[in-house]
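Visitor: Everything below, folded, please.
(chains A and B)
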There are 2 protein chains.
Amino acid sequence: MRKRAEDLRRDGKVIAVVPTMGYLHDGHLSLLRAARSRSDVVVLTLFVNPTQFGPSEDLSRYPRDEDGDLAKARSCGVDLAFCPDAGAMYPPGSQTFVEVRELQRPLCGESRPGHFVGVATVVTKLFHLTRPHLAFFGEKDFQQLAVIRRMTRDLDFGIEIVGMPIVREPDGLAMSSRNVYLSPEERAQALCLVRGLDAAETLLRAGERDAGALLGAARAPCEAAPSARIDYVALLDAEELTEIERVERPAVLAMAVFVGKTRLIDNRVLRP
Amino acid sequence: MRKRAEDLRRDGKVIAVVPTMGYLHDGHLSLLRAARSRSDVVVLTLFVNPTQFGPSEDLSRYPRDEDGDLAKARSCGVDLAFCPDAGAMYPPGSQTFVEVRELQRPLCGESRPGHFVGVATVVTKLFHLTRPHLAFFGEKDFQQLAVIRRMTRDLDFGIEIVGMPIVREPDGLAMSSRNVYLSPEERAQALCLVRGLDAAETLLRAGERDAGALLGAARAPCEAAPSARIDYVALLDAEELTEIERVERPAVLAMAVFVGKTRLIDNRVLRP
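Guide: All right, here's what the predicted structure looks like:
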């Protein structure tokens, strides 16, 4: 992969990479299409990265469909798919990790210790292997995007990080490979996340700036759904991911909610 | 720097980098000459990296001589010198660090907490900025070389790391920018390091394999020098830097000794 990428760069080609864990949905496809529109060569990476899963998480049952993914990738004009196995990515003796110390701490960092070290490390490796000029990530993983942006700046990667809007199902549920875990009943109740975000945004537009009030509105639909259990609902500065009392500049309302056993995340940027 | 390096790569040039903290001595110059012999473009970096110094260490008084360094570099055929300032390398909000978890632990890692995180981080940044095919480091910093080799492999940098032999003064003292700190009396006593290494190697060649005996021989000259205070003298597996009882495969005898207030390091690889 690296040899191929280096040859392409030497030929003056602009490379865009879309790193994914596979089981592609329309959110991923929007990244691939955006990458296609801005580069000569689109590289899709498919790798379910073990180092970003905790010991009690869903690594072993994470959904996979490489053939289906490659067909979808082809339809979006992907040029290269890079699908390494875990043994090639982490040979014996591997011990080097990248951490983004502050931004990795709140939200999913608190619920999933080590998660963002795994993300930053694998993205570093994938950047080195695919040598991109541009890299595309979804805004659904808001904190991941913030971590990767900061890492890219701090380590002088010289790669443009492009964030793309959340893609939703017709009824509003944010697309996620993990939605496949939901039973029909859970699927219905999973709408509590987007309803919470909608409620908070409506309140904001009516003039509310107080974090407590906005968070209350966001939590209410989740608290009312019997299969839902809130992991976190938080309102943070959109740049630094530090807690705020009032929305005075762009903030992110971020939530993680277990619906049955499935942990879903969603977020919205609130602008005063 | 990165733009320049990317243009050079696109033109098919082979880039070699020699990362240094400046105040160049003949050890550094041997790296530059080796780099010159194996590349089209030699990049010297001069940067006294604050993140690899502890709070009570010698960052503020570390010797500097940029004009002298550039003159020496020119005489070795260096093409580009990259001399960033600390504010450019670590702008406000910088928070991303690279760690090599096991290899950073013993020896200087124990005496200088955080040192190798600083080293791995700045070398990652310098690699990204200078885009080398080859990078040259001295074997005097044996653990640093091991950390950088492992990091380069683990993070898939695709850079060949070249280690070069220790260069010594005529009387055997390993060259170091910090030797300038030594008073004449300390300079004489500083020979205890190389004498310890020589004594241990002589014993090894006589058939001794026991770590305790070899370490005893290495310590004796330092213990006899009144201005010397041993920080560590250790015998480790040369690959994994784990302690060994006997020399059965290549081992590194490594030492750090304060001579007066100046901390000196030296090492030798012992092969059975």
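
Visitor: In contact with residue A:270, which residues?
Guide: A:200, A:201, A:204, A:214, A:235, A:247, A:250, A:251, A:252, A:253 (CB atoms under 8 Å, 6 or more residues apart in numbering or on different chains). Backbone N, C-alpha and C define where each C-beta goes, glycine included.

Visitor: From chain B, how far out is residue A:217?
Guide: Distance from residue A:217 to chain B, counting by CB to the nearest CB, to the nearest Å: 31 Å.

Visitor: If we ignore the residues flanking it in sequence, what's nearest that residue?
Guide: Leaving aside its chain neighbours, residue A:217 sits nearest to residue A:199 (4.2 Å; criterion: CB to CB, 6 or more residues apart in numbering or on different chains).

Visitor: can you give me the strands for the stretch 101-250 of chain A?
Guide: A:134-138, A:160-164, A:228-237 (DSSP state E, counting those that start in this stretch).

Visitor: Switch those strands over to JSON lines; also include mean pLDDT, mean neighbour count and distance to chain B.
Guide: Shown next, in JSON lines, are those (pLDDT from 0 to 100; neighbours: other CB atoms under 10 Å in any protein chain shown; distance: least, CB to the nearest CB, whole Å):
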{"stretch": "strand A:134-138", "mean pLDDT": "98", "mean neighbour count": "23", "distance to chain B": "14"}
{"stretch": "strand A:160-164", "mean pLDDT": "98", "mean neighbour count": "17", "distance to chain B": "13"}
{"stretch": "strand A:228-237", "mean pLDDT": "98", "mean neighbour count": "18", "distance to chain B": "12"}
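
Visitor: so can I have a markdown table of those showing distance to residue B:64?
Guide: As requested, the strands of the stretch 101-250 of chain A are exported to a markdown table (distance: least, CB to CB, whole Å):
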| stretch | distance to residue B:64 |
| --- | --- |
| strand A:134-138 | 37 |
| strand A:160-164 | 35 |
| strand A:228-237 | 39 |
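
Visitor: which one of those lies closest to residue A:195?
Guide: strand A:228-237 (10.7 Å; CB to CB).

Visitor: ok, then the element right after the closest one?
Guide: Sequence-wise, the next helix or strand downstream of strand A:228-237 (DSSP states H and E) is strand A:251-259.

Visitor: gap between that next one and the chain center?
Guide: The chain centre lies 13 Å from the centre of strand A:251-259; the measure is CA atoms, centre = their mean, to the nearest Å.

Visitor: what comes up buried for the next helix or strand after that strand?
Guide: Counting by DSSP H and E, the element after strand A:251-259 in chain order, helix or strand, is strand A:262-270. Going by neighbour count (16 or more other CB atoms under 10 Å in any protein chain shown), the buried part of strand A:262-270 is A:262, A:263, A:264, A:265, A:266, A:267, A:268, A:270.

Visitor: For the residues you listed, work out which two are farthest apart.
Guide: A:262 and A:270 (25.7 Å).

Visitor: how about the contacts of residue A:270 in TSV, adding distance to residue B:55?
Guide: Output for these, formatted as TSV (distance: CB to CB, whole Å):
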residue	distance to residue B:55
A:200	44
A:201	46
A:204	44
A:214	41
A:235	36
A:247	38
A:250	36
A:251	35
A:252	35
A:253	39
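
Visitor: any idea where the helices of chain A begin and end?
Guide: A:2-10, A:26-38, A:66-75, A:86-89, A:108-111, A:115-130, A:142-154, A:184-189, A:192-205, A:211-224 (DSSP state H).

Visitor: Including mean pLDDT, could those helices go into CSV?
Guide: Formatted as CSV, the helices of chain A follow (pLDDT from 0 to 100):
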stretch, mean pLDDT
helix A:2-10, 97
helix A:26-38, 98
helix A:66-75, 98
helix A:86-89, 97
helix A:108-111, 94
helix A:115-130, 98
helix A:142-154, 98
helix A:184-189, 98
helix A:192-205, 98
helix A:211-224, 98
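
Visitor: wait, residue A:194 sits on residue A:172?
Guide: Yes: look at residue A:194 against residue A:172 with CB atoms under 8 Å: they come within range, at 4.0 Å.

Visitor: The stretch 151-272 of chain A against chain B: which residues are in contact?
Guide: A:151, A:154, A:155, A:156, A:157, A:158, A:240 (CB under 8 Å from any CB of the partner chain).

Visitor: Just the buried residues from these, in ChimeraX please.
Guide: The buried subset of these, as determined by 16+ other CB under 10 Å, is captured in ChimeraX by this line:
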select /A:151,154,155,156,157,158
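
Visitor: Of the residues of the stretch 151-272 of chain A next to chain B, which one scores lowest on pLDDT?
Guide: When these are sorted by pLDDT, the bottom entry is residue A:240 at 94.

Visitor: Can you name the residues that contact that one?
Guide: Taking CB under 8 Å, 6+ apart as the test, what residue A:240 contacts is A:102, A:103, B:93.

Visitor: between those residues, which has the most around it?
Guide: Highest neighbour count within those: residue A:103, with 26 neighbours (other CB atoms under 10 Å in any protein chain shown).

Visitor: For the stretch 1-150 of chain A, what lies in contact range of chain B?
Guide: A:2, A:6, A:9-10, A:12, A:93-103, A:120-121, A:124-125, A:128-129, A:150.

Visitor: State the number of residues packed around the residue nearest to residue A:217.
Guide: Applying other CB under 10 Å, I find that residue A:199 has 17 neighbouring residues.

Visitor: which residues touch it?
Guide: A:217, A:218, A:220, A:221.

Visitor: And the residue of the stretch 151-272 of chain A closest to chain B?
Guide: residue A:154 (3.6 Å; CB to the nearest CB).

Visitor: From what I see, that residue and residue B:95 are in contact.
Guide: Yes: counting by CB under 8 Å, residue B:95 is a contact partner of residue A:154 at 6.5 Å.

Visitor: Which neighbours do those two have in common?
Guide: residue A:100.

Visitor: circling back to that earlier point, identify the residue nearest the residue of the stretch 151-272 of chain A closest to chain B in space, chain neighbours excluded?
Guide: Excluding its sequence neighbours, the residue lying closest to residue A:154 (CB to CB, 6+ apart) is residue B:96, at 3.6 Å.

Visitor: and what of residue A:101?
Guide: In space, residue A:101 is closest to residue B:95, 4.5 Å off (CB to CB, 6+ apart).

Visitor: Show the model's pLDDT score for that neighbour.
Guide: On the pLDDT scale, residue B:95 gets 98.

Visitor: before we move on, what about residue A:104?
Guide: At residue A:104, the pLDDT value in this model is 96.

Visitor: what's near enough to touch it?
Guide: Residue A:104 neighbours (CB under 8 Å, 6+ apart): A:115, A:116, A:117, A:120, A:143, A:147.

Visitor: Now the residues you listed in TSV, please, with extra columns for neighbour count.
Guide: Formatted as TSV, the contacts of residue A:104 follow (neighbours: other CB atoms under 10 Å in any protein chain shown):
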residue	neighbour count
A:115	21
A:116	26
A:117	20
A:120	28
A:143	25
A:147	29
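
Visitor: doesn't residue A:129 make contact with residue A:15?
Guide: No: applying CB under 8 Å as the test, residue A:15 and residue A:129 come out as separate, 11.2 Å apart.

Visitor: shared neighbours, these two?
Guide: residue A:5.

Visitor: just to revisit the earlier point, widest-spaced pair of the contacts of residue A:104?
Guide: A:117 and A:143 (13.0 Å).

Visitor: Quick one: neighbours of residue A:179, just the number.
Guide: 19.

Visitor: likewise the one 3 residues further on?
Guide: A count of neighbours around residue A:182, defined by other CB under 10 Å, yields 20.

Visitor: My read is that it contacts residue A:263, right?
Guide: No: under the criterion of CB under 8 Å, residue A:182 makes no contact with residue A:263, lying 11.2 Å away.

Visitor: one step back: what separation is there between the residue of the stretch 151-272 of chain A closest to chain B and residue B:125?
Guide: As judged by CB to CB, to the nearest Å, residue A:154 and residue B:125 stand 8 Å apart.
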